[in-house]
Each structure stands twice: as C-alpha cells, then as structure tokens.
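Asker: Quick check, what structure comes out for this input:
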Amino acid sequence: MNHHKLSQNIYRYRKEQGLTQERLAQQLGVTFQAVSKWENGQSLPDVSLLPELSRQLAVSMDRLFGYTSAGKPVTIYEEEYKTPDYYWGTEPSVTCYKVLELMPPTRRLKVLDIGCGEGKDAVFLARNGYDVTAFDISDAGIEKTKMLAERTGVHVHVFKADIRDFRLETEFDIVYSSGVLHYIRPEYRAEIFANYKQFTAKGGMHFLNVFVQKPFIAPPPENEPYAYDWISGELLSLYHDWMIHDCPEVVFDCNSSGVPHQHAMSKLIAQKL
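Answerer: Residues are numbered from 1 along each chain as shown. Sure, this is the predicted structure:
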C-alpha cells in the first residue's frame with residue numbers, strides 16, 4: 001500500500017467534494033484530528049472505514065489508493081484510438097523541433113511526455129536520442145505507443161496513469177505535454193504544476209500548451225465532460241519564477257471530429273534556472 005498516495009488522495013478528494021475535515025469526520029464517526037493525521041501521513045484509516053470513506057469522497061477504492069481502474073472513460077479518444085490508423089497521425093508536433101533546438105540531446109536527457117496519446121511525439125523524441133517516459137489514460141493509446149516505438153526501433157517507457165492523480169517522484173530534464181492539460185481541474189493546477197516544477201532538473205525545460213477560452217471562438221463540437229477551460233495568461237502565471245523563452249497565443253483550424261472548427265491555445269516554453 002502506498003501510504004503517501006492514500007494521504008494525498010484523501011485530502012484531494014475531500015477538497016473536491018467541498019468537505020471540511022470536521023464534516024468528513026462526522027460522516028465517518030471519527031475525530032477531525034484523525035482525518036488530519038490521515039492527510040498528513042501520520043496514521044491510516046482503519047480498514048473497516050475504507051468503504052464508507054470511499055463513498056463519502058465519491059471515488060472508487062482503486063482510485064482512492066492511487067490505482068487507475070478500467071472504469072468510465074475520462075477521455076473521448078479511447079474509442080478513437082482503437083482503430084488501426086493513428087488518429088493524430090505519426091508526424092511529430094512542431095514543438096518537438098523546439099525541444100531539439102533548445103535542449104539538444106548532447107547528453108542523455110530524461111523526457112516526460114504527459115498524456116502521450118498514441119505516442120507520435122514520445123517516439124520521435126526517443127528516436128532522436130532522448131530517454132523518454134510517457135503516460136496516458138487510454139489503454140488503446142498506450143498499446144499504439146508501444147507498437148509505434150517497436151516499429152521505429154526505439155524504447156519508450158510508457159504506462160497508464162490519470163493526469164488528475166499522477167504526481168512526479170523522480171526528476172526529469174524535460175517535461176512535455178500537448179493537448180491534454182485541460183483535463184486538470186482548475187483548483188488542482190497550482191499543486192500539480194508545483195510538483196512538475198519541483199521534479200525538474202536545474203536547467204531543465206517545460207514545453208506545454210493549453211486550450212483557452214475566447215468569446216470569439218465557438219465551443220468545440222466534441223463533448224468532453226471532464227475538460228476544463230484555461231484562461232489567457234493562466235499557464236504563464238504558474239511559471240513567474242522561471243525563465244520564459246516563449247509564450248505565444250494562437251488560433252488554429254481543426255477538423256479532428258469531422259466538423260471544421262477552431263481552437264485558441266496558449267503555448268509555453270519555460271526553463272528552471
């Protein structure tokens with residue numbers, strides 16, 4: 001059992017449900033000091049309390065303990081990725097070339113690709129000499145990442161994880177993410193990005209983008225129940241203490257759903273000095 005993960009999740013899901021420590025303690029028939037100790041990792045809930053704790057926090061037991069279960073899909077792309085073709089193609093994002101330009105692999109650099117999808121960017125970076133770790137919530141995406149890596153003759157350490165729950169515990173030189181950070185609820189962004197920054201090596205860089213709300217851009221046609229918009233400048237504000245190399249905002253055309261539409265996106269390249 002990962003005690004640290006359980007402590008983190010009790011705190012996280014209690015906050016998500018809008019419960020105080022006192023209210024949760026009342027529901028469970030314990031003292032609020034007991035709940036405080038669980039969240040601080042000083043003690044663990046009694047096994048008999050776990051089913052009711054899970055119910056009060058509105059999460060499965062698996063998720064409470066930090067395991068990604070095969071429950072209701074978080075992303076609409078799980079089904080899309082099950083086709084033989086690569087939904088997003090296999091050509092890397094242009095941002096990958098910025099990684100090569102600004103952090104060339106003159107030594108073995110460790111890269112984390114957050115929400116790798118079908119693996120096109122992760123495999124490209126591995127092919128160019130980076131030590132790549134990647135994760136995604138989609139089982140089909142993970143399998144296609146493995147197949148693409150094998151076909152290309154490179155290794156990518158890829159695994160299943162939920163961006164909402166996953167936290168870094170080892171250091172990376174480069175943190176990369178494209179098109180998935182909208183799955184992070186606004187109230188967790190500061191804490192999650194503080195974790196990403198903490199476990200970035202000195203001199204390391206983050207290459208990120210987020211979809212942003214704009215009154216002149218219609219909502220996308222895809223129905224994404226677990227997506228949360230960002231606002232202009234929000235991502236940049238989380239990196240006020242890093243060197244900012246680039247932070248453009250762009251509007252681009254998209255036809256991913258078969259319906260022509262547009263997205264507004266904030267991009268960020270930042271370095272830890």
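Asker: can you pull the pLDDT of residue 69?
Answerer: Note for residue 69: predicted pLDDT of 50.
Asker: Mind jotting down where the helices sit in the stretch 1-150 of the chain?
Answerer: 3-16, 21-28, 32-39, 50-57, 61-64, 77-80, 94-102, 120-127, 139-152 (DSSP state H, counting those that start in this stretch).
Asker: so residue 175 is in which element?
Answerer: Assigned by DSSP states H and E, residue 175 belongs to strand 172-177.
Asker: what does that strand rub up against?
Answerer: Here strand 172-177 makes contact (C-beta atoms under 8 Å, 6 or more residues apart in numbering) with 95, 99, 103, 109-115, 121, 125, 130, 133, 196, 199-201, 203-209. Using the backbone N, CA and C atoms, a C-beta is placed for each residue, glycine as well.
Asker: Which neighbours in the sheet does it have, and how are they oriented?
Answerer: strand 110-114 (parallel), strand 200-211 (parallel) (DSSP bridges).
Asker: among those, which is nearest residue 9?
Answerer: Nearest to residue 9, of all those, is strand 110-114, at 19.1 Å by C-beta to C-beta.
Asker: From the chain's centroid, how far away is the closest one?
Answerer: Chain-centre distance of strand 110-114: 11 Å, with C-alpha atoms, centre = their mean, to the nearest Å.
Asker: Quickly find the element holding the closest residue to residue 246 other than its chain neighbours.
Answerer: Counting by C-beta to C-beta, 6 or more residues apart in numbering, the nearest residue to residue 246 once its immediate chain neighbours are dropped is residue 269, at 4.3 Å. According to DSSP H and E, residue 269 maps onto strand 261-271.
Asker: can you map out the helices along the stretch 151-273 of the chain?
Answerer: Applying DSSP H, counting those that start in this stretch to the stretch 151-273 of the chain gives helices spanning 189-198, 234-237.
Asker: Residues contacting the longest one, please?
Answerer: Going back to what we said before, that points to helix 189-198. 167, 168, 175, 184, 206, 234, 238, 239, 242, 272.
Asker: And for the shortest one?
Answerer: Contacts of helix 234-237 with the rest of the structure, by C-beta under 8 Å, 6+ apart, involve 181, 189, 208, 210, 212, 244, 247, 266, 268.
Asker: hmm, back to that, now for the strand holding residue 269, which elements pack on it?
Answerer: helix 94-102, strand 200-211, helix 234-237, strand 243-246, strand 249-254 (3 or more C-beta pairs under 8 Å, 6 or more residues apart in numbering; DSSP states H and E).
Asker: Burial check on residue 94, number of neighbours?
Answerer: By the measure other C-beta atoms under 10 Å, the count of residues near residue 94 is 8.
Asker: ok, it to residue 107 distance?
Answerer: 24 Å (C-beta to C-beta, to the nearest Å).
Asker: Then residue 206?
Answerer: From residue 206 to residue 107 the distance is 19 Å (C-beta to C-beta).
Asker: again, but for residue 246
Answerer: 23 Å.
Asker: more crowded one of those two?
Answerer: Neighbour totals were compared for residue 246 and residue 107, and residue 246 leads with 12 against 7 (other C-beta under 10 Å).
Asker: what's that one in contact with, if anything?
Answerer: Residues near residue 246 by C-beta under 8 Å, 6+ apart: 98, 267, 268, 269.
Asker: what about 10 Å?
Answerer: 95, 98, 102, 207, 267, 268, 269, 270 (C-beta atoms under 10 Å, 6 or more residues apart in numbering).
Asker: Look up the closest residue to residue 57, ignoring the ones flanking it.
Answerer: Closest to residue 57 by C-beta to C-beta, 6+ apart is residue 13, at 3.9 Å.
Asker: Which residues does residue 110 form beta bridges with?
Answerer: Applying DSSP bridges, one finds that residue 110 bridges with residue 131.
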